[in-house]
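Trainee: Coordinates only, no sequence provided:
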């Protein structure tokens with residue numbers, strides 16, 4: 001998407017139209033379930049974008065990002081519960097703690113390769129899950145309920161300062177929309193920077209990148225620090241959205257797998273991939289759960305898993321590749337001379353580009 005936007009004068013028009021549609025969405029859709037689904041789509045789009053910085057750009061497949069998500073959620077919740085610190089302040093504190101934790105733990109992990117690295121990240125998330133389940137300071141398996149902000153009449157009241165809204169989900173929607181836009185902006189900045197070029201070099205051939213003088217370990221640690229920090233920010237939002245957290249909600253393995261699936265099925269290594277993945281997978285998950293889960297025979301999970309398998313088998317490069325294929329076919333059937341008449345320059349690598 002970013003490359004298309006840069007290459008054509010009207011390339012930013014679809015981006016502006018999409019943002020405009022997202023801004024007005026809660027103003028025209030007042031159904032609570034649809035609004036909740038939209039919040040979850042934006043939440044997972046941001047989480048997948050964070051995962052994509054490490055797993056997509058750098059090619060380091062991690063299945064433990066729920067650990068960073070949980071650190072962010074617990075940091076802001078503990079600060080609010082024990083010392084009445086606003087979540088807006090707890091959010092960056094949680095991000096810094098998650099980034100520091102990621103650098104310390106992944107320093108030895110990056111000496112592993114392939115499936116050994118993925119297994120190590122799974123173990124990390126499971127260890128944290130067990131630790132928090134038995135840690136009395138964070139109330140263990142009972143979880144933590146976030147205290148309500150109360151007005152003069154002692155009744156719960158809305159508060160932007162403490163990120164709590166009881167009357168409507170619309171403010172939560174706009175908050176997570178802003179965070180998702182921030183995650184996309186960070187991903188674009190990484191993609192276009194020297195860091196992004198180095199990460200892609202590491203992904204393509206780590207040994208070759210090292211032989212050319214790329215400090216491989218340093219840039220992997222930078223990538224995981226950014227990924228962890230962004231994931232922790234969304235953990236803080238999620239805690240305030242539910243007003244309750246426990247280890248199973250924030251650190252379970254299924255959450256890490258879903259975050260990775262959203263990015264992988266959308267298209268790893270691209271900015272638009274995680275957005276498409278979230279737009280397809282999260283509503284699909286919600287629809288199958290709400291329509292079929294009541295049958296008691298896990299038919300919703302069977303259908304959901306089957307559809308994911310179909311996408312993975314028939315479009316292994318993700319949903320982004322579908323759009324690329326459509327654009328190639330449109331160029332193939334375009335009448336001869338049409339591009340020259342309009343003054344379009346041939347794309348690099350397109351048929352006839354080198355003629």
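Mentor: Yep, it's here. A quick note: this is a predicted structure, and the numbers were derived from the prediction, not measured.

Trainee: buried residues in stretch 274-290?
Mentor: 274, 275, 276, 277, 278, 279, 280, 281, 282, 285, 286, 288 (16 or more other C-beta atoms under 10 Å). All C-beta spots, glycine's among them, are computed from the backbone N, C-alpha and C.

Trainee: Let me fix that, I meant to ask about stretch 230-248.
Mentor: 230-241, 245-247.

Trainee: Can you pick out the most distant pair from those residues?
Mentor: 230 and 246 (22.5 Å; C-beta to C-beta).

Trainee: closest to residue 133 among the buried residues of stretch 274-290?
Mentor: residue 285 (25.0 Å).

Trainee: Which neighbouring elements make contact with the helix or strand hosting the closest one?
Mentor: Residue 285 belongs to helix 272-292 when elements are defined using DSSP states H and E. Helix 272-292 sits against helix 32-52, helix 253-266, helix 299-314, helix 319-333, with contacts defined as 3 or more C-beta pairs under 8 Å, 6 or more residues apart in numbering; DSSP states H and E.

Trainee: roughly how far apart are the spatially closest residue to residue 317 that is not a sequence neighbour and residue 231?
Mentor: Beyond its immediate neighbours in the sequence, the residue positioned closest to residue 317 (C-beta to C-beta, 6 or more residues apart in numbering) is residue 267, lying 6.5 Å away. Plainly put, residue 267 is 19 Å away from residue 231 if you go by C-beta to C-beta, to the nearest Å.

Trainee: Repeat that for residue 252.
Mentor: In terms of C-beta to C-beta, residue 252 sits 14 Å off from residue 231.

Trainee: and what of residue 106?
Mentor: 13 Å.

Trainee: cool, and residue 71?
Mentor: For residue 71 relative to residue 231 (C-beta to C-beta), the value is 8 Å.

Trainee: Next: residue 222.
Mentor: Look at residue 222 and residue 231: by C-beta to C-beta, they are 15 Å apart.

Trainee: average pLDDT across the biggest helix by length in the chain?
Mentor: In the chain, taking DSSP state H as the definition, the longest helix is helix 216-242. Helix 216-242 comes out with an average pLDDT of 97.

Trainee: And the strands in the stretch 1-150 of the chain?
Mentor: 144-145 (DSSP state E, counting those that start in this stretch).

Trainee: Where do the helices of it begin and end?
Mentor: Counting by DSSP state H, counting those that start in this stretch, residue ranges of the helices within the stretch 1-150 of the chain are 2-7, 13-28, 32-52, 66-83, 87-109, 114-133.
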